[in-house]
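Visitor: coords please:
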Amino acid sequence: MEVDVNRCLTRIDDDMSVEAIAPFNCIFCKIVSNSAPASIAYEDDFSLAFLDLRQLSPGHTLLIPQKHVADVRDLDEETGRHFMAALSKVTRAVSAAFPSQGISVLHST
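Guide: Predicted coordinates for the structure are as follows:
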């Protein structure tokens, strides 16, 4: 998904749906489209992982889908499968780089 920065700066029409507006205001969509900086740790056709700016613990990494969804529960089945496979790869890589007793996987909206 490519974010049209010029459209972001223009007036949003009252008749636009939340789904139509969301990608233009979503920091994650901006990261996916390289319109916002991020320290990318992993990327495939379905997912993108990057280090959180606010490291709550060493290696704190966010994994997001490449396409905009309001919530992980909105992922289609194919994207969900790939997303969970990416989650497995990212958690193993984070654990290898930052050894610990365990790992927390959280879903946040």
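Visitor: you'd agree residue 105 is up against residue 91?
Guide: Yes - using Cβ atoms under 8 Å, residue 105 is in contact with residue 91, at 6.8 Å. (Each C-beta comes from the backbone N, C-alpha and C, glycine too.)
Visitor: neighbour count: these two, which is higher?
Guide: Neighbours of residue 105 and residue 91, each counted by other Cβ atoms under 10 Å, are more numerous for residue 91; the result is 17 against 8.
Visitor: so that one is in which element?
Guide: Taking DSSP states H and E as the criterion, residue 91 maps to helix 77-97.
Visitor: which parts of that helix are buried?
Guide: By neighbour count on 16 or more other Cβ atoms under 10 Å, the buried set for helix 77-97 is 79, 80, 82, 83, 86, 90, 91, 94.
Visitor: okay, strands next: where are they in this structure?
Guide: In the chain, the strands defined using DSSP state E lie at 40-43, 47-51, 61-65.
Visitor: so which residue is dead centre in this protein?
Guide: Closest to where the C-alpha atoms of the chain average out (Cα atoms, centre = their mean) is residue 64, at 2.4 Å.
Visitor: just give me the neighbour total for the residue nearest to that one when sequence neighbours are not counted.
Guide: Excluding the flanking residues, the one nearest residue 64 by Cβ to Cβ, 6 or more residues apart in numbering is residue 28, at 4.8 Å. Around residue 28 there are 19 other residues, counting by other Cβ under 10 Å.
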